[in-house]
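A.B. asks: Quick one, what's the 3D model for this:
(4 chains)
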Protein chains: 2
Amino acid sequence: MTTAAVAESKPYHHGDLRRALLDAAEAVLVREGPSALSLRAVAREAGVSPAAPYHHFKDKSELLRAVAMEGFARLKLAMSSALARETAPEERRSALGVAYVEFAQANPALYRVMYDCARNADQMPDEHGEDVSAFQLVKDTLTEVAGGQVSELDLELTAIASWCAAHGLAEISKFEKFKPLKDALGGERAFLQGVLAHLGVMAQRKDG
Amino acid sequence: MTTAAVAESKPYHHGDLRRALLDAAEAVLVREGPSALSLRAVAREAGVSPAAPYHHFKDKSELLRAVAMEGFARLKLAMSSALARETAPEERRSALGVAYVEFAQANPALYRVMYDCARNADQMPDEHGEDVSAFQLVKDTLTEVAGGQVSELDLELTAIASWCAAHGLAEISKFEKFKPLKDALGGERAFLQGVLAHLGVMAQRKDG
DNA sequence: GTGCTATCTAAGCACCGTCCAGATCGGAGC
DNA sequence: GCTCCGATCTGGACGGTGCTTAGATAGCAC
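C.D. replies: Numbers count the residues shown, from 1 in each chain, chains lettered A, B, ... in the order given. Now for the predicted structure:
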């Protein structure tokens, strides 16, 4: 009965504010875009004072880093879900790439925060859990496609190339320049598949 | 004799402030990075009041856009210079990609402004001059590699894939994750060549 | 010389990230 | 039960930001 009609569980100090702040950040991100994602806006969204977040995050960049980590986790989830929907190696590889780009397109603001964070740290905020990383997912799928007979070095290079292309496509695919080509191909997904099909030549190299 | 020891040509209002602001922006960018690139910092660097830039640019984003356009022009220059240094098609293709990424690595702050701007506008700030665009440079080079017998559609898709991979690599290549691989390959450039070699399969497709 | 107009400055607005002193309150110890 | 502690949250402040407005300055056509 502190303030008003909030009948929910808001009994004491504030419950789990860290969690609430992350949700608030995502809400602001989706509603107003990355440029509006200020610490004060997040605090406002969560209904606390502008200084409150500092008891849960060292500074703004650490909040963003936490948001980015959750984003990468969700990206990995989307990728493995897409993999699970296909059986043939080549289809799995294609689905993996398409899922990556479509995740970025479905969550553009989040994707931007994710890579802003990665660029600032010179690493993906991805490396935290003990389970398999999203990058490993790519390597495994490419190994399937190649039938297993690939050098670790060639595999690594192909995986990097694929990841780079997917990331590049995620950032560029919305450019107006490509609209006519998309129309010619019959839609966004066909466009993505078409571009991504020109990658991962590893299997065709005879010295692999 | 307005203020002090500036013996140079600073006679009247301010000369060509627009030019001076762009140079100041680049200076701040190189010295302190993208996060320090505020309109006020640029004005400070140029020695004018914080409101002065508004007589030459509508707002901050337009200044950044101008900086980005100059960056894309220089990128194109670096790419065509690299092309001119090679003769064999395959070498030219490789040199083009390497030049792209090395430009980004040599001018990381500028490259970031360039693509921040591009992302915000959903297009490259590249499309202004009447001469050939950087993207066209890629298409031409890929056509050489394929021996000229490619469908326009396949060419376009391969060019996009190549551009995406180069952009992705430009953003990702600095990640710590890849350091061991670079060492194994014997250096940064070998790494770039290795990754980029797994692209542009167009010529190997029989339905081209 | 007299205006006109572009350019530049000074001052101010709202917002930002961040720090600090103090209020609040759940829970440990008695 | 009560006290006290320490974590959590608030209000207020500081310097910095993008941007606007009103007024000063100075090149240029007449």
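A.B. asks: Does DNA strand D have contacts with stretch A:29-41?
C.D. replies: No: using C-beta under 7 Å from any atom of the strand, stretch A:29-41 stays clear of DNA strand D, with a minimum separation of 8.8 Å. C-betas here are computed from N, CA, C, even on glycine.
A.B. asks: Not counting its own residues, what contacts that stretch?
C.D. replies: A:25, A:28, A:50, A:53, A:60, A:63-64, A:67, A:109-110, A:112-113, A:116 (C-beta atoms under 8 Å, 6 or more residues apart in numbering or on different chains).
A.B. asks: Let me have these in a markdown table, extended by distance to DNA strand C, neighbour count and secondary structure.
C.D. replies: Shown next, in a markdown table, are the contacts of stretch A:29-41 (distance: C-beta to the nearest atom of the strand, whole Å; neighbours: other C-beta atoms under 10 Å in any protein chain shown; DSSP: H, G, I helix; E, B strand; the rest coil):
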| residue | distance to DNA strand C | neighbour count | secondary structure |
| --- | --- | --- | --- |
| A:25 | 10 | 25 | helix |
| A:28 | 9 | 20 | helix |
| A:50 | 5 | 13 | coil |
| A:53 | 8 | 24 | helix |
| A:60 | 3 | 15 | helix |
| A:63 | 8 | 22 | helix |
| A:64 | 9 | 23 | helix |
| A:67 | 13 | 22 | helix |
| A:109 | 15 | 19 | helix |
| A:110 | 17 | 22 | helix |
| A:112 | 15 | 21 | helix |
| A:113 | 12 | 23 | helix |
| A:116 | 13 | 17 | helix |
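A.B. asks: Which ones among the residues you listed also lie next to chain B?
C.D. replies: Residues of those in contact with chain B (C-beta under 8 Å from any C-beta of the partner chain): residue A:112.
A.B. asks: Next, work out how far apart residue A:40 and DNA strand C are.
C.D. replies: Separation of residue A:40 from DNA strand C (C-beta to the nearest atom of the strand, to the nearest Å): 4 Å.
A.B. asks: go on, residue A:85?
C.D. replies: According to C-beta to the nearest atom of the strand, residue A:85 stands 39 Å off from DNA strand C.
A.B. asks: which SSE is the closest residue to that residue other than its chain neighbours in?
C.D. replies: Residue nearest to residue A:85 in three dimensions, not counting chain neighbours: residue A:95, with 6.5 Å by C-beta to C-beta, 6 or more residues apart in numbering or on different chains. Under the criterion of DSSP states H and E, residue A:95 resides in helix A:89-106.
A.B. asks: Give the other helices and strands that that helix contacts.
C.D. replies: helix A:60-84, helix A:134-146, helix A:152-172, helix A:188-196 (3 or more C-beta pairs under 8 Å, 6 or more residues apart in numbering or on different chains; DSSP states H and E).
A.B. asks: Pull out the buried positions in stretch A:42-51.
C.D. replies: Within stretch A:42-51, the residues that qualify as buried by neighbour count (16 or more other C-beta atoms under 10 Å in any protein chain shown) are A:42, A:43, A:45, A:46, A:48.
A.B. asks: Pull the number of nearby residues for the residue nearest to residue A:90 when sequence neighbours are not counted.
C.D. replies: Sequence neighbours aside, residue A:145 is the residue nearest to residue A:90 in space, at 6.1 Å (criterion: C-beta to C-beta, 6+ apart). Around residue A:145 there are 19 other residues, counting by other C-beta atoms under 10 Å in any protein chain shown.
A.B. asks: do residue A:99 as well
C.D. replies: For residue A:99, the count of nearby residues is 21 (other C-beta under 10 Å).
A.B. asks: Distance check, it against DNA strand D.
C.D. replies: 36 Å.
A.B. asks: That residue and residue A:79 touch, don't they?
C.D. replies: Yes: in terms of C-beta atoms under 8 Å, residue A:99 counts as a neighbour of residue A:79; the distance is 5.2 Å.
A.B. asks: List the ones among the buried residues of stretch A:42-51 that fall in helices.
C.D. replies: Residues of these located in helices (DSSP state H): A:42, A:43, A:45, A:46.
A.B. asks: Next up, the contacts around the closest residue in space to residue A:65 that isn't next to it in sequence.
C.D. replies: Distances taken as C-beta to C-beta, 6+ apart place residue A:117 nearest to residue A:65, at 5.3 Å, with adjacent residues excluded. By C-beta under 8 Å, 6+ apart, the contact list for residue A:117 reads A:61, A:64, A:65, A:67, A:68, A:125.
A.B. asks: Tell me how far residue A:117 lies from residue B:33.
C.D. replies: Remark: distance between residue A:117 and residue B:33 (C-beta to C-beta, to the nearest Å) = 15 Å.
A.B. asks: one step back: quick one, the helix holding residue A:95 and helix B:152-172 angle?
C.D. replies: Relative orientation of helix A:89-106 and helix B:152-172, computed by axes from the mean of the first three to the mean of the last three C-alpha atoms, to 10 degrees: 70 degrees.
A.B. asks: Just the angle for helix A:89-106 relative to helix A:134-146, thanks.
C.D. replies: Put simply, helix A:89-106 runs at 150 degrees to helix A:134-146, going by the same axes, to 10 degrees.
A.B. asks: Excluding its own residues, what touches helix A:89-106? List them.
C.D. replies: Outside helix A:89-106, the residues within contact range by C-beta under 8 Å, 6+ apart are A:74-75, A:78-79, A:81-83, A:85-86, A:111, A:137-138, A:141-142, A:144-145, A:162, A:165-167, A:169-171, A:173-174, A:188-189, A:192-193, A:196-197, A:199-200.
A.B. asks: now stretch A:69-79
C.D. replies: With C-beta under 8 Å, 6+ apart as the test, stretch A:69-79 has contacts from A:22, A:26, A:96, A:99-100, A:102-103, A:107, A:110-111, A:113-114, A:124-126, A:128-129, A:133-134, A:137.
A.B. asks: Just the buried ones from those?
C.D. replies: A:22, A:26, A:96, A:99-100, A:102-103, A:107, A:110-111, A:113-114, A:124-126, A:133-134, A:137.
A.B. asks: low pLDDT regions in chain A?
C.D. replies: Filtered on pLDDT under 70, chain A yields the residue ranges A:1-13, A:127-131, A:200-208.
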